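Enquirer: Make a model of this:
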Amino acid sequence: MRPNDPPQPLATLMVATCNVLNLANPGRMFYENQEPYSAAEFERKLTWLGERLRMLNADVLAVQEVWDEAAFKGALGRSGLRYDFVAVPGAENDTGRHGAQGTPRVGIATRLKVEALQSFPDFPPGFQVEVPGMGPHTRFERPPLVATLRMKHGQPLNVLTAHLKSKRPKFLQDAQGHPTEDRDDRKVMALASLRSLVMRGAEAMALRCLVIDLLHRTNIPLVVLGDFNDTPDSVTTQLICATTEIAYDRSARDVALFNAYDLQGDAALKKDVAYSHIHQGSPSVLDQILVSEEFMATGRNSVGDVRRVDYFNDHLHEGRDRTRSDHGFVRALLRLRMPPATPQSPP
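Expert: This next block holds a predicted model:
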């Protein structure tokens, strides 16, 4: 834009990510070592979650740890908000399908027009990683989900929802699920923790490949949201973002991701409460919102900016209760420039 050009109007887009902690229908077993939700527990969980979703009031809502799509739709109903599109691939509840099996899924709810939706269970061919004692790791435990959306003014947008492998030690077990290792042996514990790290790293690598495919030589903005089970400065998160490559390769900006929190405008109030999880009394950011260079206000290919990022985490200090979430929710207010109005020719 030239200095004397009038500023282009901005369209706002609110996006949020929520790990909803094992959102499952009442009475159904989701993990063998956990009791199903009673009807009363389920009611409390839906009510609590509905209140939080209403407070977020996001245009695009990315969720993790959903066992039953019907339960997610129920929570949205409690929010009083309207979402025209809701999907949790792999966790559907209809004829012949009874929710997710083995592991929860990620999903999306949005008010925007959805042009495409695809789940990615497998790593790219040739990108499998050997895990000690387990063999090749070739699939995501929780497949990431890519939605191609279109805003009212016509701007296309890709949104990727992810939930990477946790840091919980990965012990070996037989086909019946019985342990085949001594879980009290501290050396075995170290090896099991390494397995989790390798698996999470492999998933981060595969997610990076997906990000490259979505960004390379395109001008479609990308937003990546989810539970990364690691911090913004971790090796796995940096592997996904690849922002350090920009220092010695300017073309790398085309396929890099940036933490939305770091891109907030000067007017944003960066309070010292930026955490989304507390483990053994230590707060950390595991739930993140990453954006492509199109949201860098001063970027060469900028089409907008990040106005504000908020963390909703007060409930983390209310004690552990599985009817609430053990993760804070993260929301970002993004802005995108609208195309200039076409002047109307005189009659």
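
Enquirer: Quick one: residues contacting the most centrally placed residue in the chain.
Expert: By Cα atoms, centre = their mean, the chain has its centre lying nearest to G226, at 1.7 Å. If you count contacts by Cβ atoms under 8 Å, 6 or more residues apart in numbering, G226 has them with 17, 62, 64, 106, 144, 160-164, 287-288. Heads up, the C-betas are built off the backbone N, CA and C, glycines and all.

Enquirer: try 6 Å
Expert: By Cβ atoms under 6 Å, 6 or more residues apart in numbering, the contact list for G226 reads 17, 64, 161-163.

Enquirer: Name the residues that touch stretch 198-218?
Expert: Stretch 198-218 has contacts (Cβ under 6 Å, 6+ apart) with 123-124, 129, 131, 137, 140, 158, 162, 164-165, 222, 236, 239-240, 255, 292.

Enquirer: correction: stretch 21-32
Expert: With contact meaning Cβ under 6 Å, 6+ apart, stretch 21-32 is reached by 36-37, 39, 42, 65-68, 71-72, 325-326.

Enquirer: How about P124, nearest residue that isn't a chain neighbour?
Expert: C209 (4.9 Å; Cβ to Cβ, 6 or more residues apart in numbering).

Enquirer: so which strand or helix has that neighbour?
Expert: Element membership for C209, per DSSP states H and E: helix 186-215.

Enquirer: Work out the sheet partners of the next helix or strand along the chain from that helix and label each with its direction, please.
Expert: The first helix or strand that comes after helix 186-215 along the chain, using DSSP H and E, is strand 222-227. Sheet pairing of strand 222-227 (DSSP bridges) gives strand 156-163 (parallel), strand 287-291 (antiparallel).

Enquirer: rewinding a little: any idea how many residues pack against the residue nearest to P124?
Expert: Using other Cβ atoms under 10 Å, C209 is surrounded by 13 other residues.

Enquirer: Quickly note the distance from it to D122.
Expert: Between C209 and D122 the computed distance is 11 Å (Cβ to Cβ, to the nearest Å).

Enquirer: One more: K165?
Expert: Distance, K165 to D122, by Cβ to Cβ: 15 Å.

Enquirer: which of these two has more neighbours?
Expert: Taking other Cβ under 10 Å, K165 and D122 do not tie; K165 has more neighbours (24 against 12).

Enquirer: can you tell me which residues contact the more buried one?
Expert: K165 is in contact with 141, 199-200, 203, counting by Cβ under 6 Å, 6+ apart.

Enquirer: same deal with V188?
Expert: Contacts of V188 by Cβ under 6 Å, 6+ apart are 181-182.

Enquirer: And the one 4 residues further on, by the same measure?
Expert: Neighbouring residues of A192 by Cβ under 6 Å, 6+ apart: 169-171.

Enquirer: which one of those is nearest P339?
Expert: Using Cβ to Cβ, K170 comes nearest to P339 of those, at 49.2 Å.

Enquirer: Please name the nearest non-neighbouring residue to the closest one.
Expert: Distance criterion Cβ to Cβ, 6+ apart; nearest residue to K170, sequence neighbours excluded, is R195 at 3.9 Å.

Enquirer: now do K165
Expert: Nearest to K165 is R200, by Cβ to Cβ, 6+ apart, at 4.0 Å.

Enquirer: Next one: the one you found from D230, what distance?
Expert: Noted for R200: a distance of 7 Å to D230, by Cβ to Cβ.

Enquirer: Repeat that for G177.
Expert: The spacing between G177 and D230, counted by Cβ to Cβ, is 27 Å.

Enquirer: neighbour-wise, which of those two wins?
Expert: Applying other Cβ under 10 Å to G177 and D230 shows that D230 carries more neighbours, namely 25 against 8.

Enquirer: List the contacts of the more buried one.
Expert: 236-237.

Enquirer: shaky segments in the stretch 201-347 of the chain?
Expert: 266-276, 278-282, 340-347 (pLDDT under 70).

Enquirer: where do the helices sit along it?
Expert: Ranges of helices within the stretch 201-347 of the chain are 235-241, based on DSSP state H, counting those that start in this stretch.

Enquirer: How about the residue nearest to the centre of the chain: what's its closest non-neighbour residue?
Expert: Here the residue nearest G226, using Cβ to Cβ, 6+ apart, is A162, at 3.9 Å.

Enquirer: Can you verify my assumption that that neighbour contacts P144?
Expert: Yes: counting by Cβ atoms under 6 Å, P144 is a contact partner of A162 at 4.3 Å.
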